[in-house]
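Colleague: 3D, please:
(one chain, ligands or ions: 1)
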Amino acid sequence: MSEDLAAVAALVEVDRWIDRLAGQRDHLPEQSELTALEVELRERAREIEVARAAIAPTRAAYEAALEEAERLATRERELRDRLARSTAGAREIEAVAHEADQVAERRQGADERALALLEELEVGDARVAELRLVAQPALTRREELMATVAALRASLDDEIVARRTEREQRVAAVAPDLLARYEARRTRAGVSGAAHVVDGRCDGCRIALAPLDLDRWRATRDAEWIDCPSCGRMLLP
Ligand SMILES: [Zn+2]
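Modeller: Below is the predicted model:
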């Protein structure tokens, strides 16, 4: 094997390694799972939001009823106090007592309303809590996946950096004009600028060579290498 051939073959090998690693990093199964999970979690969050929005008017009505009950209770107390201390005439006392009774009745109504609203609210809150509970395993899984994806990416990135350093060394071993030819083909075809022929096929693009091209490839020795008619990569003898 000539020196040029060995140097280019070594470059092909490291370029394919780098491409495989980058492919692994960009297509982690954990990342696909995470993406799907995030779609699911967005849907869950939307359901929770809808459930919360559905009970918001009930909550507002409940709080208003509570306030009303408290206001009426205060008013009732004031009236009862006035009655207790009153030195007024019978007619006025009767009027105050009548108002106090009316206020008491309205307060009772507000209390009942608040209670009914509270029951409604509890059903709604339970629904929200249930939806949160249903989403919990997915949230936990998301945390796990995020950690796994980050760790795998970091490890693959480290390996890619190491392989790129190795590539620089291998590039240095290729003659400049040959390297220029290689890089031009790599830019065009991607991954590597040269390929091997395995079982009559270019192993860069996996397309079978025509018999005539195969004969031409067999005839190449150390001199000019032919390019794959399909992907344009140099076909190493
Ligand atoms: Zn090819």
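
Colleague: drop to CA atoms for contacts and neighbour counts, all remaining ones
Modeller: Noted.

Colleague: which secondary structure elements does the helix ranked longest in the chain contact?
Modeller: As assigned by DSSP state H, the longest helix anywhere in the chain is helix 90-172. With contacts defined as 3 or more Cα pairs under 8 Å, 6 or more residues apart in numbering; DSSP states H and E, the packing partners of helix 90-172 are helix 3-26, helix 29-85.

Colleague: list the helices and strands the first one packs on?
Modeller: If I follow you right, that is helix 3-26. helix 90-172, strand 194-195.

Colleague: what's that helix in contact with?
Modeller: 152-153, 156-157, 159-160, 163-164, 166-167, 170-171, 173-175, 191-195, 222, 236-237 (Cα atoms under 8 Å, 6 or more residues apart in numbering).

Colleague: try it again with 7 Å
Modeller: 153, 156, 160, 163, 167, 170-171, 173-174, 191-192, 194 (Cα atoms under 7 Å, 6 or more residues apart in numbering).

Colleague: got a pLDDT number for M1?
Modeller: pLDDT recorded at M1 is 59.

Colleague: apologies, that question was intended for E38.
Modeller: pLDDT, E38: 96.

Colleague: name the nearest residue to it, sequence neighbours excluded.
Modeller: Spatial nearest neighbour of E38, excluding adjacent residues (Cα to Cα, 6 or more residues apart in numbering): R142 at 7.7 Å.

Colleague: single out the most deeply packed of the helices and strands packed on helix 90-172.
Modeller: Mean neighbour count (mean count of other Cα atoms under 10 Å) peaks for helix 3-26 among the helices and strands packed on helix 90-172, with a mean of 18.

Colleague: and the angle for it with helix 29-85?
Modeller: Helix 3-26 and helix 29-85 are oriented at 20 degrees to each other (axes from the mean of the first three to the mean of the last three Cα atoms, to 10 degrees).

Colleague: may I have helix 3-26 as CSV, with CA atoms only?
Modeller: C-alpha atoms of helix 3-26 as CSV (Å, rounded to 0.1, in the frame of the first residue of the first chain):
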residue,chain,number,x,y,z
GLU,A,3,2.0,6.1,1.5
ASP,A,4,-0.7,8.3,-0.1
LEU,A,5,-3.2,5.5,0.0
ALA,A,6,-2.5,4.7,3.6
ALA,A,7,-2.8,8.3,4.6
VAL,A,8,-6.1,8.9,2.8
ALA,A,9,-7.5,5.6,4.1
ALA,A,10,-6.7,6.8,7.6
LEU,A,11,-8.4,10.1,6.9
VAL,A,12,-11.5,8.3,5.6
GLU,A,13,-11.6,6.2,8.7
VAL,A,14,-11.4,9.2,11.1
ASP,A,15,-13.9,11.2,9.1
ARG,A,16,-16.4,8.4,9.2
TRP,A,17,-15.9,8.1,13.0
ILE,A,18,-16.6,11.8,13.4
ASP,A,19,-19.7,11.6,11.3
ARG,A,20,-21.0,8.5,13.2
LEU,A,21,-20.4,10.3,16.6
ALA,A,22,-22.1,13.5,15.4
GLY,A,23,-25.0,11.3,14.1
GLN,A,24,-25.3,9.6,17.5
ARG,A,25,-25.2,12.9,19.3
ASP,A,26,-27.9,14.4,17.1
